[in-house]
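Enquirer: Just need the structure, nothing else, for what follows:
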Amino acid sequence: MESVKRTKIKDLLKAEAGQEVLAKGWVRTKRGNKQVKFIALNDGSCVNNIQIVADANNFNEDLFKKITTGASLSVKGMLVESVGSGQAVEIQAKEIEVLGECDPMRFPLQKKDTSFEYLRTVAHMRMRTNTFGAILRIRSHMANAIHQYFYNKGFVYLHTPLITESDCEGAGQMFQVTTLDLENVPRNKKGKIDYAQDFFGKQTSLTVSGQLEGELGATAVGEIYTFGPTFRAENSNTPRHLAEFWMIEPEMAFYDIKDNMDLAEDFIKSLVKYALDNCYDDIKFLNDKYDDTLIERLKGVADTEFVRLPYTQGIEILKDAIAKGQKFEYPVDWGTDLQSEHERYLVEKHFGKPVILTDYPKDIKAFYMKQNEDGKTVRAMDVLFPKIGEIIGGSEREASLEKLEGRIDELGMSRTNLEWYIDTRRFGTVPHSGFGLGFERLLLFITGMQNIRDVIPFPRTPKNAEF
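Expert: Below is the predicted model:
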């Protein structure tokens, strides 16, 4: 059967009819009658299936009994023009080999549509559905687009550590890394855990961000980006939070807040355009099946100039909306951190386009952000998107040694594991900026999915670490 080389289904669907071909894949559906069987075969290379037409007289009836949804096949035959609607070509089967049988009674994916909640319980199999095949291909394309974007701009790809002793965000929501015997934890003379006996000789955790190390790279080679997994042990069981997710974090020496906003806007527009140019079939499938405004929304972002709005003005707009009868679950006042509902109101209702919110109160932002002259606000910037809310968060970083040290002391932070970071301000400090883009938040926007658990192959959330 192997004399003809296998062709992927995405290539077969564009190929010229009239040639002998070999296709391999998994059965999506089988239908037909005593004379002819129609098998929809998918190999994961694209969202579309190829139709296999098998003359029942040429095959053993026992073979057809083994061809069930989920079974894997090798099919050799002639690629011919399709008489049915839905595809240009189909395969008239000459030889069919069942590579792997699939018990229809036990197979967790049935022909009928199943809920996303159910599919999360069988995440090891959900990738075989058209929806998750589309999402995985889009995810792969977007990872490639991110690397291409920064490579073309001359950025250095920096691998920052996953195990660290520093808490970048200062929120303390970190997963601890230890080799200590948890049944018999060693204690020091004060009765505290004796981390000196641990693998690293000190308390360590999984990283919440590569930013601080990224700043070291930027102040050495100019412009860097990180792209890797990050971990947050916050007990948030929401459709927008994961305990393990991927972050893209560029850091740039000699960039001020305006340069930072320009880069963030160009970056995200480039990614959306890339998705429309390179993933259109998969996006159209998701658009047609789940959200018929998806393509329109993507095009809207790609072609629109983002609004740049100071936080103080944003609060005034929201308060004005409340005065006119707009209802929000959470209160709005100067000094409060905006919730997703507030961000989406600004983007979807008030402006009708993405918003970059700037100049937040310093008390609700991280210690490393550059303080404005007013002493109350910092040069932060969050990019807010329709349906998502915040998709990018960043800032110009505080370049002044005196101000950075003052802020660390003001917040009562321990300096023992931050001296290496402060050194960047002691030795040749420069204006510099950066931001973080949550990869899964980007994918939520590009796929139109409602839950962040559905854009990562194996979601990690509170009480859930299966597979």
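
Enquirer: was I right about residue 338 contacting residue 328?
Expert: No: assessed by C-beta atoms under 8 Å, residue 338 is found out of contact with residue 328, at 10.1 Å. Using the backbone N, CA and C atoms, a C-beta is placed for each residue, glycine as well.

Enquirer: The two: which has the busier surroundings?
Expert: The neighbour count for residue 338 versus residue 328, taken as other C-beta atoms under 10 Å, is higher for residue 338 (23 against 13).

Enquirer: Mind checking what secondary structure that one has?
Expert: Classification of residue 338 by DSSP: H, G, I helix; E, B strand; the rest coil places it in coil.

Enquirer: Surely residue 322 is in contact with residue 332?
Expert: Yes: look at residue 322 against residue 332 with C-beta under 8 Å: they come within range, at 6.6 Å.

Enquirer: if we can go back for a sec, can you list residues touching both of residue 338 and residue 328?
Expert: residue 318 (C-beta atoms under 8 Å, 6 or more residues apart in numbering).

Enquirer: how near is residue 61 to residue 350?
Expert: 65 Å (C-beta to C-beta, to the nearest Å).

Enquirer: what does residue 372 give?
Expert: From residue 372 to residue 350 the distance is 24 Å (C-beta to C-beta).

Enquirer: for residue 273, same thing?
Expert: From residue 273 to residue 350 the distance is 25 Å (C-beta to C-beta).

Enquirer: what's across from residue 55 in the sheet?
Expert: Applying DSSP bridges to residue 55 yields these beta-bridge partners: residue 36.

Enquirer: Please shift the residue numbers so they start at 46 in all later answers.
Expert: Got it, first residue is 46 now, which makes that one residue 100.

Enquirer: residue contacts, it?
Expert: By C-beta under 8 Å, 6+ apart, the contact set of residue 100 is 80-81, 137-138.

Enquirer: before we move on, what about residue 423?
Expert: With C-beta under 8 Å, 6+ apart, residue 423 has these contacts: 404-407, 410, 414-417, 440.

Enquirer: Which of the residues you listed has the largest number of neighbours?
Expert: residue 405 (26 neighbours).

Enquirer: Quick check: mean pLDDT of the helix or strand in which that residue is found?
Expert: Element membership for residue 405 (DSSP states H and E) is strand 400-406. Averaging pLDDT along strand 400-406 gives 98.

Enquirer: going on from that strand, what's the next piece of helix or strand?
Expert: Following strand 400-406 in sequence, per DSSP H and E, is strand 422-430.

Enquirer: Buried residues, that next one. List them.
Expert: Along strand 422-430, these residues count as buried under the neighbour rule (16 or more other C-beta atoms under 10 Å): 422-430.

Enquirer: out of residue 106 and residue 395, which sits in the busier spot?
Expert: Taking neighbours as other C-beta under 10 Å, residue 106 and residue 395 compare with residue 395 leading, 18 against 8.

Enquirer: quick one: the more buried one is in a helix?
Expert: Yes: the assignment for residue 395 is a helix, going by three-state DSSP.

Enquirer: residue contacts, it?
Expert: By C-beta under 8 Å, 6+ apart, the neighbours of residue 395 are 362, 366.

Enquirer: Assign a three-state SS to residue 436, would you?
Expert: Going by three-state DSSP, the secondary structure assigned to residue 436 is strand.

Enquirer: Can you tell me how far it is from residue 339?
Expert: 16 Å.

Enquirer: which parts of stretch 232-241 are buried?
Expert: For stretch 232-241, using 16+ other C-beta under 10 Å, the buried residues are residue 240.

Enquirer: circling back: for ChimeraX, write the select line for the buried members of the contacts of residue 100.
Expert: The buried residues among the contacts of residue 100 can be selected in ChimeraX (16+ other C-beta under 10 Å) with this line:
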select :138
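
Enquirer: hmm, back to that, just send the buried residues of strand 422-430 back as CSV, with pLDDT and distance to residue 55 too.
Expert: Output for these, formatted as CSV (pLDDT from 0 to 100; distance: C-beta to C-beta, whole Å):
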residue, pLDDT, distance to residue 55
422, 97, 51
423, 97, 48
424, 98, 46
425, 98, 43
426, 97, 40
427, 97, 38
428, 97, 33
429, 96, 36
430, 94, 30
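
Enquirer: Run through the residues that contact the nearest residue to residue 504 once chain neighbours are set aside.
Expert: Spatial nearest neighbour of residue 504, chain neighbours left out: residue 498 (3.9 Å); criterion: C-beta to C-beta, 6 or more residues apart in numbering. Residues near residue 498 by C-beta under 8 Å, 6+ apart: 161, 165, 284, 287, 504, 506.

Enquirer: Great, nothing more from me.
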